[in-house]
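Chemist: Turn this into a model:
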Amino acid sequence: MPKRLRPQMAFGEIISFAYDTFCSNKVRFILTALGMVIGTASLILVVTIGMTGRQYALGQIQAIGTNEIWAEYEGGEHISNASLDPLTLEDLQAVQEQVPGVIAASPVVTLGERIPIGHGDEKDVQILGVYPEYQHVRNLTVLSGRFFDREDSQAHNKVAVITEKMARTVYGSPQAAVGKIIKLTGLPFTIIGTFKESGETFGETEVSDYSMAIPYSVSRYFLETPTIKMVYFSMEDAAMVVPATTQIKRVLQSRHRAESVYNVQNLTAVLAMMDRIATGLTWVLLLISMVTLVVSGIGIMNIMLATVTSRIREIGIRKAVGATNREIRFQFLAEAILISVIGGFVGIVIGLAIPYSVRFLTEYRIPISGLSAIIAIIVSSVVGVIFGTVPAARAAQLDPVESLRYE
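Modeler: So this is what the prediction gives:
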């Protein structure tokens, strides 16, 4: 037999022996591969869950508006109530003139009122005095009716839009609320629409469950001084948000006393933080799924050690007819790798089938990572190599004479 053909024949023999071994011990090897199936499927599902969580969180924040910047007065050291230095409409106009890229802006003033909700009960309602641009800046969703426009604001029309929760509680539905009259300090306001925020704000918002927005020009009737609580700006492009935030703060600070403090924020930091949290959680879950793979690898090693013990005589016969230690080692290592790879492939199929089923059966577009499947099969192969090395080495080191005598 030519020496150069020996490796090819040895490889075919190894595959044949591995197949015969699997067929003669089906239950044992299925149970051994089961741990790898669970571990590999868990790894893919963990990545899918992490990506889904990140997509949801970022989607919620982006729904609020990634082009959004807001500014508010925070006070300052050695400032009494008599010397407050809040924001004004002139500040808003100055920012629009001096900061490029600002396409919309709206002040926000807040007032409080108690209104009847039926059956003799009353409810505290937060009134927001805003510009018509507030709908665009805050990316609000109008559920019924309409948001007040510039004509309403210029004409000082007594119109209002209320939140979905308030409409359902007081009037039964958003549609039923349109056209109803609410009296604020004796003045009748006509509800012309209902709205809700486009994304979950996790409580970080000036809009409460019972909020009512009215034109800023009308809210001035209820204010003693023409000051505003906060100002919202919307930028032309999301890439302009970070530099514009610094510019807006500089403009506001230049128009007020040096000791006054103005907080100017955007959602860029929140987006980065949510991305880091989602990535961190994904890595933690990945480490947990790795533990499952390690445990299944230990199971493979134990089974292969038991297999070596039960096949000592076979090993002796193979060595007697010319098998080298290297071939014996590769024989058992190949069996361990095959168990890992077969379990890995089945786990990948299961891990991908579940999110694909969700996408097919529901409207949710769960993200699926092909990279996670590649990583899973690589990891399962590595586990097979690592935990198959000890049994393979033990089989290769057996003495052929003692092995033939083994009963």
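Chemist: all contacts plus neighbour counts: C-alpha atoms, from now on.
Modeler: Noted.
Chemist: Pull out the buried positions in the helix or strand hosting Thr190.
Modeler: If you go by DSSP states H and E, Thr190 is part of strand 187-197. Residues 189-197 are the ones in strand 187-197 that count as buried (16 or more other C-alpha atoms under 10 Å).
Chemist: now these in CSV, with pLDDT and distance to Ile378?
Modeler: As requested, the buried residues of strand 187-197 are arranged in CSV below (pLDDT from 0 to 100; distance: C-alpha to C-alpha, whole Å):
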residue, pLDDT, distance to Ile378
Phe189, 92, 66
Thr190, 93, 65
Ile191, 93, 62
Ile192, 95, 60
Gly193, 94, 57
Thr194, 95, 54
Phe195, 93, 50
Lys196, 90, 47
Glu197, 85, 45
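Chemist: Look through the protein and tell me its longest helix.
Modeler: Longest helix of the chain, by residue count under DSSP state H: helix 268-310.
Chemist: what about the strands in the stretch 251-400 of the chain?
Modeler: Along the stretch 251-400 of the chain, counting by DSSP state E, counting those that start in this stretch, strands occupy 260-266.
Chemist: Distance to Arg257 for the buried residues of strand 187-197 - can I get that in JSON lines?
Modeler: Listed next are the buried residues of strand 187-197 as JSON lines, based on distance: C-alpha to C-alpha, whole Å:
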{"residue": "Phe189", "distance to Arg257": "38"}
{"residue": "Thr190", "distance to Arg257": "41"}
{"residue": "Ile191", "distance to Arg257": "40"}
{"residue": "Ile192", "distance to Arg257": "41"}
{"residue": "Gly193", "distance to Arg257": "40"}
{"residue": "Thr194", "distance to Arg257": "40"}
{"residue": "Phe195", "distance to Arg257": "38"}
{"residue": "Lys196", "distance to Arg257": "37"}
{"residue": "Glu197", "distance to Arg257": "35"}
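Chemist: Does anything pack onto the longest helix of the chain? Which helices or strands?
Modeler: helix 26-65, helix 325-361, helix 370-396 (3 or more C-alpha pairs under 8 Å, 6 or more residues apart in numbering; DSSP states H and E).
Chemist: Check which helices and strands the strand holding Thr190 sits against.
Modeler: Packed next to strand 187-197, using 3+ C-alpha pairs under 8 Å, 6+ apart, are strand 140-145, strand 159-163, helix 164-171, helix 174-177, strand 181-184.
Chemist: Each with direction, which strands does the last one pair with?
Modeler: Strands that pair with strand 181-184, judged by DSSP bridges, come out as strand 187-197 (antiparallel).
Chemist: show me where pLDDT drops low in the stretch 151-300 of the chain?
Modeler: 199-204 (pLDDT under 70).
Chemist: and what of the stretch 301-407 of the chain?
Modeler: In the predicted model of the stretch 301-407 of the chain, residues 400-407 satisfy pLDDT under 70.
Chemist: How far off centre is the longest helix of the chain?
Modeler: Its chain's average C-alpha position is 20 Å from that of helix 268-310, according to C-alpha atoms, centre = their mean, to the nearest Å.
Chemist: so it versus helix 325-361, what angle?
Modeler: Counting by axes from the mean of the first three to the mean of the last three C-alpha atoms, to 10 degrees, helix 268-310 lies at 140 degrees to helix 325-361.
Chemist: now helix 268-310 and helix 370-396, what's the angle there?
Modeler: 30 degrees.
Chemist: Return the angle between stretch directions for helix 268-310 and helix 26-65.
Modeler: 180 degrees.
Chemist: Is there a neighbour count for the closest residue to Thr292 other than its chain neighbours? I'd like the number.
Modeler: Residue nearest to Thr292 in three dimensions, not counting chain neighbours: Gly39, with 5.0 Å by C-alpha to C-alpha, 6 or more residues apart in numbering. Gly39 has 29 neighbours, counted by other C-alpha atoms under 10 Å.
Chemist: Just put the helices and strands packed on helix 268-310 in CSV and tack on distance to Thr110.
Modeler: Shown next, in CSV, are the helices and strands packed on helix 268-310 (distance: least, C-alpha to C-alpha, whole Å):
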stretch, distance to Thr110
helix 26-65, 20
helix 325-361, 43
helix 370-396, 49
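Chemist: Which of the helices or strands spans Ile69?
Modeler: Per DSSP H and E: Ile69 is located in strand 68-76.
Chemist: buried sites along that strand?
Modeler: Neighbour counts over strand 68-76 (16+ other C-alpha under 10 Å) mark 68-73, 75 as buried.
Chemist: now swap in stretch 148-162 and tell me
Modeler: Neighbour-count burial for stretch 148-162 [16+ other C-alpha under 10 Å]: 148, 152-153, 156-162.
Chemist: follow-up on the earlier one: out of the buried residues of strand 68-76, which comes closest to Ile377?
Modeler: Glu68 (43.2 Å; C-alpha to C-alpha).
Chemist: Quick check: pLDDT value at the closest one.
Modeler: Glu68 is assigned 85 on the pLDDT scale.
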